[in-house]
Structure formats: C-alpha cells, structure tokens
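# Give the three-dimensional model of this entry:
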Amino acid sequence: MNDAIPEGFESVALGSGFSSLFGPVYRHHTESRLGFRVAPQHLNPVQVCHGGAMATFADMQIAVVAPGLGTQAGHTPTIHLDMDYLAVAPLGSWVEMAVTRLRETRNLIFTQALITADGEPVARSSGIYRNRPAAG
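Numbering: from 1, shown residues only. Now for the predicted structure:
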C-alpha cells in the first residue's frame, strides 16, 4: 500500500476527542484542499471507506476555508452538513477534498466540497458553520 502524502500537504492538528481517532489529516500549503489516506480504521464491512468516515472528513472543510477555525481554539459548530456519495474509496487510496467558501455572513459560513479518491470523484458535500470570528 502506498502511504506517501502528496507534495504540498502538511499534517493538521486535530486536537483530542473524536477527531483524533480519525487519524492523520493533511492541509495543502497554498490551496483550499484537505486530504487523508484511507486506513483500516476508516473501513466498513466490505473494506471500503465507511460513509460515516467520509462524512467526518467532509465536516472538516471549515478548517480549509477559515484557517484557525474548526479547532478547539476556534471552534465553529456545524449547523448543517449535506453529503452525496458517488463512488467508493478503497483501502490505501488518497482522499482529497477541494473546498470552496461560497458565502460568509456575520453569523454563518457556507462551503461546498468535491471529494476525490486517487483523482476520481467519490462524494460531494456542502456545509453551513457558525461563524465565530477570532477574538482579538
């Protein structure tokens, strides 16, 4: 199994709790993208990425469009998350999410994401998050 991380990605600190159980997630240095490698803990009974694991990953899209948010220090609660599953992501595949910030209001951030596995579309997602600007 190829476990190399593509160039331009660095590890994201997920903090403690549920997110830490997901496993390593990587953010691209210059683009609004996140990625992870499908590992055994992400699998369902038929040995492909579980839909719940994919939704957990999709819920991290806020961390790309609003750096510093989506973390313990800048927690932005999810208001709504929508998922459409298009195909499967097998064990070992590189899953990558390209995220777009659609709109930001005083109280909400709206996003959408296309999720691919080894370059092929596997899901699309949209999210609405509570906007909590950084204290300062």
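# residues in contact with stretch 8-18?
By Cβ atoms under 8 Å, 6 or more residues apart in numbering, the residues outside stretch 8-18 that reach it are 20, 22, 24-31, 33-35, 56, 60, 63, 71-72. Where C-beta positions appear, they are placed from N, C-alpha and C, glycine not excepted.
# Buried residues, it. List them.
For stretch 8-18, a neighbour-count test (16 or more other Cβ atoms under 10 Å) marks F9, V12, L14 as buried.
# what's the answer for stretch 46-54, then?
By 16+ other Cβ under 10 Å, the buried positions in stretch 46-54 come out as V48, C49, H50, A53, M54.
# ditto for stretch 28-41
Neighbour-count burial for stretch 28-41 [16+ other Cβ under 10 Å]: H28, S32, R33, L34, G35, F36, R37, V38, A39.
# Could you give the bridge partners of the first one?
The residues listed as beta-bridge partners of H28 by DSSP bridges are F9.
# That one and A4, how far apart?
Counting by Cβ to Cβ, to the nearest Å, the separation of H28 from A4 is 15 Å.
# Listing request: residues of this protein with sub-threshold pLDDT.
For the chain, the stretches flagged by pLDDT under 70 are 1-2, 66-74, 133-136.
# Please enumerate the helices of it.
With DSSP state H as the criterion, the chain has helices at 18-22, 51-58, 62-65.
# Adding distance to V122 as columns, could you present the buried residues of stretch 46-54 in TSV?
Shown next, in TSV, are the buried residues of stretch 46-54 (distance: Cβ to Cβ, whole Å):
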residue	distance to V122
V48	10
C49	8
H50	12
A53	12
M54	7
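# Who does F110 form a beta bridge with?
Note on F110: beta-bridge partners by DSSP bridges are R103, I128.
# residues in contact with it?
R101, L102, R103, E104, S126, G127, I128.
# right, and the fifth one touches T111 too?
What it means is S126. Yes. The criterion here is Cβ atoms under 8 Å, and S126 meets it with T111 at 6.7 Å.
# out of the two, which sits in the more crowded spot?
Using other Cβ atoms under 10 Å, the more surrounded residue of S126 and T111 is T111, with 23 against 17.
# If anything else comes up later, I'll come back, but that's it for now.
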